[in-house]
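Participant: For reference, the sequence and a predicted model appear below.
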Protein chains: 2
Amino acid sequence: MNKEQSTSQEKETASLKNDLLLRAARGEAVERPPVWLMRQAGRILPQYRELRASLSGFKELVETPELACEVTIQPIDELGVDAAIIFSDILVVPEVMGLRYEMIPGKGPMFPMTIQIEEDVDKLIAGEKAALQLDYVYKAIELTKAALNGRVPLIGFAGAPWTIMAYMLEGSGSKTFSKARRFLYKKPISSHVLLQKITDTTIDYLRGQIKAGADLIQVFDSWAGILTPEQYRIFALPYIRQICEAITEVPVTVFAKNAWFALPEIGQLDCNVVGIDWNTTPQEARRLVGEDKTLQGNLDPCLLYAPEDKICATTHQMVHDFGKKYICNLGHGVYPDTPLDNVKIFVDAVKSFTFDS
Amino acid sequence: MNKEQSTSQEKETASLKNDLLLRAARGEAVERPPVWLMRQAGRILPQYRELRASLSGFKELVETPELACEVTIQPIDELGVDAAIIFSDILVVPEVMGLRYEMIPGKGPMFPMTIQIEEDVDKLIAGEKAALQLDYVYKAIELTKAALNGRVPLIGFAGAPWTIMAYMLEGSGSKTFSKARRFLYKKPISSHVLLQKITDTTIDYLRGQIKAGADLIQVFDSWAGILTPEQYRIFALPYIRQICEAITEVPVTVFAKNAWFALPEIGQLDCNVVGIDWNTTPQEARRLVGEDKTLQGNLDPCLLYAPEDKICATTHQMVHDFGKKYICNLGHGVYPDTPLDNVKIFVDAVKSFTFDS
């Protein structure tokens, strides 16, 4: 299936005033690379922090479509980025599968219940039945599409199956995710059952997002980098591949953080864009991924603490080094205490770049 | 300076009943690869946990030479490993430079005072004056050498300057070490002053360890992987290079975790052994490091939760894939809850390997 020839997609693109992201994702020529930031919605914006302070918690934001829409829109005019990304969390998927998460301020996500034994896997809800419960995300996407009114494309997203599995086993963030990785070694068959359930749910969830209006889908494999190359090949890639093959309506981005060792295989997936972290130089990324895909990344988020001239020079160098087939972004989410002015300096630096400069 | 020709070293080696580690480190032929485990002293051993429970805390163990000696020796006969590594912590260096650390049970290291501004760097003690305060480590090494009585070589160690700097700025472990990395971008000159001070102290400290009897030195750059390749080249490698060039009496191992991007440059250092993490296959490690060095690593510590046949098969495959010039180890420290029997299965699997098998 050639994702570039989907009719519905062309219609969508046609109605966009700024379709740089989608053209770059499809490998088409662009006058300058599009730019957006992972985690641009929230955190760094004073208007977000103000809204957030008035609420009971993070989940109220995620689960209330009007609020999720509002914070998704906030960075668009404020920062002048070329894409919106729906404000949500990858952990909504394990939640509708049966493992509720909490967001502990200053600590991060926490699951009161986790997968302990093989039988816990069997109890999980999967596929459409689970994905239907994510109606609040679809509604948020619909509202956001209406509010954006064609200004920029809207990105939908989900966690990659391995990353979701890691949280389901570990119950929180972890430096090693050793409980989750231990399960891979001790219970490989159950691991595959679990990963398939997550995959089925994720595909239905992403289809729901696309139906609601998402213009591009990004799959985040945030904990890719703690697996061995062999484990990644066995337990991660086949499920990402299923997702890539199932999503035919819009471009797909795969971002497997710290999985440099899998970049050649990710380059063979039926996706359009490959996310790159800041450990990999643009030249090395292109060498590993091959010529086919658009690359996205990869500024060190810490660089946005640097003086203005350093931000501009490093950004220009990066954009130059990535060259064509490129979407400009950070190599990971923007850090919460990044000065807003520096984010704008970064965005403006990209916009001032032209391919003959 | 050719580290293989040091006379004192040859004398040391001659008195060892098992000198596999040193011969492998120097690239000499061995009948089978030597094996030891990072963090083999402590954690996994019941006799360690018993001793630890009777003490006021972790630091009492580190700072009491008789106790540090005892726990260094414990795994030698229990596990049958081919090397001892002195029980200590990389954070003793920042402590003698002026930043005291605490070890919080269940949380890890914590520094009540950290480097906040450039002036804090100037106040730090460095070089011999700092290293002299680490007399308790030298004493522990002397006691351990006596107690080992030539059974196996004793490894001394220190943190790499960047990793030590990261803790000095951050004050604890961190997923991003963004405070430390921010300092690199905002205060590059002060960063170099700080890194030089740490380097000077580390060189004196390692010389003290060698004088006390350490047979090989390992430099741990545990937080190498959070830097960009450019930052690693500017702020990490030059200081590791100084250490490698200063230590001429014994073989040196450099282990820069997750810094696959720097392996070609690490392969050019004046060191004997390069540590490899479990993200890198043996073949890729050899390709990146080149033919010159001995490689050390890189079993996923999580594999030691797997069934016996899986541990044996994976270990044999790894040893086979690394081939000659190889020291068998994990790709990181052994996890605290690893079953002791599985550690023994791993060690025995290496010992049952022969190069023609």
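Facilitator: It's in. Numbers count the residues shown, from 1 in each chain, chains lettered A, B, ... in the order given.

Participant: excluding its backbone neighbours, what's nearest A:Ile90?
Facilitator: A:Gly159 (3.3 Å; CB to CB, 6 or more residues apart in numbering or on different chains). Glycine gets a C-beta too; all of them are placed from N, C-alpha and C.

Participant: per-residue confidence for the residue lying closest to A:Lys186 once chain neighbours are set aside?
Facilitator: For A:Lys186, ignoring the flanking residues on the chain, the nearest one in space by CB to CB, 6+ apart is B:Tyr305 at 5.9 Å. We have a pLDDT of 97 for B:Tyr305.

Participant: ok, B:Tyr305 touching B:Pro339?
Facilitator: Yes. Applying CB atoms under 8 Å, one finds B:Tyr305 in contact with B:Pro339, separated by 7.5 Å.

Participant: Looking only at neighbour counts, state which of those two leads.
Facilitator: The residue with more neighbours, out of B:Tyr305 and B:Pro339, is B:Tyr305; 22 against 11, by other CB atoms under 10 Å in any protein chain shown.

Participant: For A:Gly208, which residues are in contact?
Facilitator: Residues in contact with A:Gly208 (CB atoms under 8 Å, 6 or more residues apart in numbering or on different chains) are A:Ala131, A:Leu132, A:Leu134, A:Val137, A:Tyr138.

Participant: try A:Pro336
Facilitator: A:Arg43, A:Ile44.

Participant: Would you mind listing what in chain A touches chain B?
Facilitator: Remark: the part of chain A in contact with chain B comprises A:173, A:175-176, A:178, A:181-182, A:184-186, A:225, A:228-229, A:231, A:258, A:260-261, A:278-281, A:284, A:300-303, A:305-307, A:310, A:335, using CB under 8 Å from any CB of the partner chain.

Participant: thinking again about what came up before, let me see the contact set for the residue nearest to A:Lys186.
Facilitator: A:Ser178, A:Arg182, A:Tyr185, A:Lys186, B:Thr338, B:Pro339, B:Asn342.

Participant: repeat that for 10 Å
Facilitator: A:178-179, A:181-186, B:311, B:335, B:337-339, B:342 (CB atoms under 10 Å, 6 or more residues apart in numbering or on different chains).

Participant: Over to A:Gly98?
Facilitator: A:Met113, A:Ile115, A:Asp120, A:Lys123, A:Leu124, A:Ile125, A:Ala126, A:Ala130, A:Met168, A:Lys197.

Participant: Of the residues you listed, which belong to helices?
Facilitator: Residues of the contacts of A:Gly98 located in helices (DSSP state H): A:Asp120, A:Lys123, A:Ala130, A:Met168, A:Lys197.

Participant: Of these, just the buried ones, PyMOL syntax please.
Facilitator: This is how PyMOL selects the buried members of those, with burial counted by 16 or more other CB atoms under 10 Å in any protein chain shown:
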select buried, chain A and resi 120+130+168+197
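
Participant: Can I get the ones in helices among the contacts of A:Gly98 in a markdown table including pLDDT?
Facilitator: Listed next are the ones in helices among the contacts of A:Gly98 as a markdown table, based on pLDDT from 0 to 100:
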| residue | pLDDT |
| --- | --- |
| A:Asp120 | 97 |
| A:Lys123 | 97 |
| A:Ala130 | 98 |
| A:Met168 | 98 |
| A:Lys197 | 98 |
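
Participant: State the pair within the ones in helices among the contacts of A:Gly98 that is farthest apart.
Facilitator: Spanning the widest gap among the ones in helices among the contacts of A:Gly98 are A:Asp120 and A:Ala130, at 15.3 Å by CB to CB.

Participant: so where's the stretch 251-357 of chain A uncertain?
Facilitator: A:355-357 (pLDDT under 70).

Participant: quick one: which of the ones in helices among the contacts of A:Gly98 is nearest to A:Asp221?
Facilitator: Distances from A:Asp221 to the ones in helices among the contacts of A:Gly98, taken by CB to CB, are shortest for A:Met168, at 14.7 Å.

Participant: thinking that closest one is in contact with A:Pro109, fair?
Facilitator: No. Contact criterion CB atoms under 10 Å: A:Met168 and A:Pro109 do not qualify, at 11.1 Å.

Participant: Name the residues of stretch A:100-114 that are buried.
Facilitator: A:Tyr101, A:Glu102, A:Pro109, A:Phe111, A:Thr114.

Participant: Out of the residues you listed, which sit inside strands?
Facilitator: Those of the buried residues of stretch A:100-114 mapping onto strands are A:Glu102, A:Pro109, per DSSP state E.

Participant: got the end-to-end distance for stretch A:28-48?
Facilitator: Distance between the two ends of stretch A:28-48: 34 Å, counting by CA to CA, to the nearest Å.

Participant: can you check stretch A:293-307 too?
Facilitator: Its start and end residues considered, stretch A:293-307 measures 33 Å (CA to CA).

Participant: what does stretch A:205-219 give?
Facilitator: Stretch A:205-219: ends 12 Å apart by CA to CA.
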